[in-house]
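In: next come a sequence and a model predicted from it.
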Amino acid sequence: MTVTDETPVEPMRPVPTPTASADRPEDAAQWTAKLRHTAVEALPPQQLMPDRQPAYVASWIYVFGVVTIAALVVVIATGLVLAIMGPNWWHSSTTGLFVNSLHLWSVEVFFFAMIIHLWGKFFMAAWRGRRRTTWITGVISFLVSVGAAFTGYLSQQNFDSQWISTQAKDGINSTGAGAIFNVTNFGQMLMWHITLLPLCVLALVGVHVLMVRLRGVVPPFAPEGRADDAEPVGIGNEQTGVEA
């Protein structure tokens with residue numbers, strides 16, 4: 001049958017858009033609906049991506065926290081390039097030397113900013129108001145980062161790395177850890193440096209930032225004679241006056 005202009009054509013039916021499971025009670029028992037509702041309740045979007053922050057967030061101590069994350073991004077990016085190109089490239093090529101130096105100095109900025117942020121939050125008692133997880137993940141990420149930096153020095157493939165490894169092996173062997181952590185094994189140290197420890201640092205930093213979003217930043221100490229309001233400040237509170 002040939003369709004002509006006079007032949008009526010049935011209009012296309014609109015594709016139904018998915019509705020919330022609340023509109024369909026029979027879908028509430030599905031594991032996807034349960035997982036979605038659990039995720040939304042545990043991680044409210046308005047707290048993960050707030051439009052405003054409390055006024056006391058406008059402090060240099062939080063700037064150093066952001067600088068720490070920015071330096072970590074540069075460390076990971078330059079580290080990926082170095083891992084792809086290999087030791088010969090970063091020792092013999094001028095471009096490799098530049099990327100290697102950029103990697104080193106971003107690590108220096110990372111630790112400098114992290115230490116200031118860490119000590120600043122210590123004196124602010126940043127664990128107040130159900131923020132223990134935020135504080136603990138920050139401290140552990142610093143300790144793991146020290147291990148990542150140490151294995152990085154051992155992976156340089158030059159006289160510095162040889163000296164550091166031979167001086168460190170006796171101390172590590174005296175603790176018994178040398179049986180599984182051989183600092184003179186370049187392959188093992190390189191894998192610790194580019195795989196295991198960076199993944200741990202990224203996971204800890206991710207949890208740390210997530211906790212900051214969920215719990216909020218710690219408020220300043222209350223003046224004497226007033227209660228210490230260390231509870232998380234909710235979105236829409238009158239104290240929120242700085243755009244995120």
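Out: In hand now; what should we look at? Numbering: from 1, shown residues only.

In: is Asn182 in a helix, a strand, or coil?
Out: coil (DSSP: H, G, I helix; E, B strand; the rest coil).

In: now do the contacts for it.
Out: For Asn182, the contact set (Cβ atoms under 8 Å, 6 or more residues apart in numbering) comprises Lys169, Gln188, Met189. Every C-beta, even on glycine, is put in place using the N, C-alpha and C of the backbone.

In: quick one: pLDDT of it?
Out: What the model reports as pLDDT for Asn182 is 92.

In: give the rounded mean pLDDT of stretch 90-97.
Out: pLDDT averaged over stretch 90-97 gives 92.

In: measure it end to end?
Out: 5 Å (Cα to Cα, to the nearest Å).

In: any regions of this protein where pLDDT drops low?
Out: Counting by pLDDT under 70, the low-confidence segments of the chain come to 1-23, 26, 225-244.

In: and if we set it to 80?
Out: Where the chain drops to pLDDT under 80, the residues are 1-29, 42-43, 46-48, 50-53, 223-244.

In: thinking again about what came up before, which of the contacts of Asn182 are buried? Put it as a ChimeraX command.
Out: Buried members of these, defined by 16 or more other Cβ atoms under 10 Å, are picked up in ChimeraX with:
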select :188,189
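
In: ok, the contacts of Asn182 vs His103, which is closest?
Out: Met189 (15.8 Å; Cβ to Cβ).

In: for the contacts of Asn182, give me JSON lines that also has distance to Ala177 and secondary structure.
Out: Formatted as JSON lines, these follow (distance: Cβ to Cβ, whole Å; DSSP: H, G, I helix; E, B strand; the rest coil):
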{"residue": "Lys169", "distance to Ala177": "10", "secondary structure": "helix"}
{"residue": "Gln188", "distance to Ala177": "12", "secondary structure": "helix"}
{"residue": "Met189", "distance to Ala177": "13", "secondary structure": "helix"}
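
In: distance to Thr137 for the contacts of Asn182 - can I get that in a markdown table?
Out: Shown next, in a markdown table, are the contacts of Asn182 (distance: Cβ to Cβ, whole Å):
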| residue | distance to Thr137 |
| --- | --- |
| Lys169 | 31 |
| Gln188 | 27 |
| Met189 | 25 |
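
In: what is the nearest of the contacts of Asn182 to Gly147?
Out: For these, the nearest to Gly147 is Met189 (10.6 Å; Cβ to Cβ).

In: Gln157 is in contact with that closest one, correct?
Out: No: with contact defined as Cβ atoms under 8 Å, Met189 does not reach Gln157; the gap is 10.3 Å.

In: what ranges do the helices span in this protein?
Out: With DSSP state H, the ranges of helices along the chain come out as 31-42, 45-48, 60-85, 87-92, 94-123, 132-154, 159-174, 186-191, 197-215.

In: quick one: which of those helices is nearest Ile180?
Out: So among the helices of the chain, helix 186-191 is nearest, using Cβ to Cβ, at 9.2 Å.

In: what sits up against the closest one?
Out: Contacts of helix 186-191 (Cβ under 8 Å, 6+ apart): Thr151, Leu154, Ser155, Gln157, Ser165, Phe181, Asn182, Val183.
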